[in-house]
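Undergrad: Here is a sequence with its predicted model. Questions after.
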Amino acid sequence: MNWLNRFLSGRAEIPMRPSQRERLAAWQEMESADLGRSHFETRYVVVNTEASGLNLEQDRLLAVAAVAVEERALAPRAAYLANLDPDPAEALLGLLEFAGRAPLVVFHGAFNRTHLERATAQYLGVEPQAHWLDLYWLLPSLQPELSAHPLRLGDWMARAGVDTFLRHHALGDAWAISLLFLKALARATTMGMGSPRDLMEAEHTFRQLRATF
């Protein structure tokens, strides 16, 4: 049993409105994404968080954001942003509904994914059963000419020529991550990696190689 399961099993019933419970149940009944479909047929969702600091043990989640990537292109109107205050359950439920069961793309999952999983456990009482892709590891595996090693988001933006409307903001950084992801998709396609499963395997392979050094 991992830390999140222990956290969930030890909590009392999560206080939620009946309408929120109905929406959560509807999300839980959605079918999982088909990881074998092509990138063009897959809806990816880039998710990002904004926290009060960088310490996972002490700082709290302030806001969540997401940008949809559909048919290998950004969908500018398909974006989501919500502050956790004053209703964390509503903000997180809206994020789950926006994302559906799409593969989730993050940059530095050790930070963003952990914050999201803890918050959904705390305020919704669920663990998102999502397929995660972490560009922190995936980018250097696909674009070693820019860097063969993991870098900070700002460094990748500079090397790839990517900009955004607002840095260090949940949606602003999500937009930048989305642009980096589009570049990664284009490179992956030329390398014969045509599906979400291929990207997940590439990330896993790169992580294993890094662990041997």
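TA: Nice, thanks for sending it over.

Undergrad: what about the strands in the protein?
TA: Ranges of strands in the chain, per DSSP state E, are 43-51, 61-70, 73-83, 104-106, 132-134.

Undergrad: Could you identify which of these has the lowest mean pLDDT?
TA: Looking over the strands of the chain, mean pLDDT reaches its minimum on strand 73-83, with a mean of 88.

Undergrad: what's in contact with that strand?
TA: 62-70, 90-91, 94-95, 98, 170-171, 174-175, 178-179, 182 (C-beta atoms under 8 Å, 6 or more residues apart in numbering). (Each C-beta comes from the backbone N, C-alpha and C, glycine too.)

Undergrad: Enumerate every residue touching residue 52.
TA: So residue 52 contacts 59-60, 62 (C-beta under 8 Å, 6+ apart).

Undergrad: Closest one to residue 108 out of those residues, please.
TA: Using C-beta to C-beta, residue 59 comes nearest to residue 108 of the contacts of residue 52, at 14.5 Å.

Undergrad: gap between the nearest residue to that closest one once chain neighbours are set aside and residue 124?
TA: Counting by C-beta to C-beta, 6 or more residues apart in numbering, residue 53 is the residue found nearest to residue 59 once chain neighbours are left out, at 3.6 Å. Residue 53 sits 23 Å away from residue 124, going by C-beta to C-beta, to the nearest Å.

Undergrad: Which residue of those two possesses the greater neighbour count?
TA: Remark: of residue 53 and residue 124, residue 124 carries more neighbours, 20 against 9, as counted by other C-beta atoms under 10 Å.

Undergrad: Any regions of the chain where pLDDT drops low?
TA: Residue ranges of the chain with pLDDT under 70: 1-13, 55, 76, 213.

Undergrad: how about the helices of it, start to end?
TA: 3-9, 18-28, 88-99, 109-123, 135-142, 153-160, 170-190, 196-211 (DSSP state H).

Undergrad: Going by contacts, tell me the helices and strands next to the second one.
TA: Other elements packing on helix 18-28 under the criterion 3 or more C-beta pairs under 8 Å, 6 or more residues apart in numbering; DSSP states H and E are helix 88-99.

Undergrad: and the helix it packs on, C-alpha only, in CSV?
TA: Coordinates of each C-alpha in helix 88-99 appear next as CSV, following Å, rounded to 0.1, in the frame of the first residue of the first chain:
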residue,chain,number,x,y,z
PRO,A,88,-10.9,23.3,-3.3
ALA,A,89,-13.2,20.5,-4.1
GLU,A,90,-14.9,22.5,-6.9
ALA,A,91,-11.6,23.6,-8.4
LEU,A,92,-10.2,20.0,-8.5
LEU,A,93,-13.4,18.5,-9.7
GLY,A,94,-13.5,20.9,-12.5
LEU,A,95,-9.9,19.9,-13.4
LEU,A,96,-10.9,16.2,-13.5
GLU,A,97,-13.9,16.9,-15.6
PHE,A,98,-11.8,19.0,-18.0
ALA,A,99,-9.2,16.3,-18.3
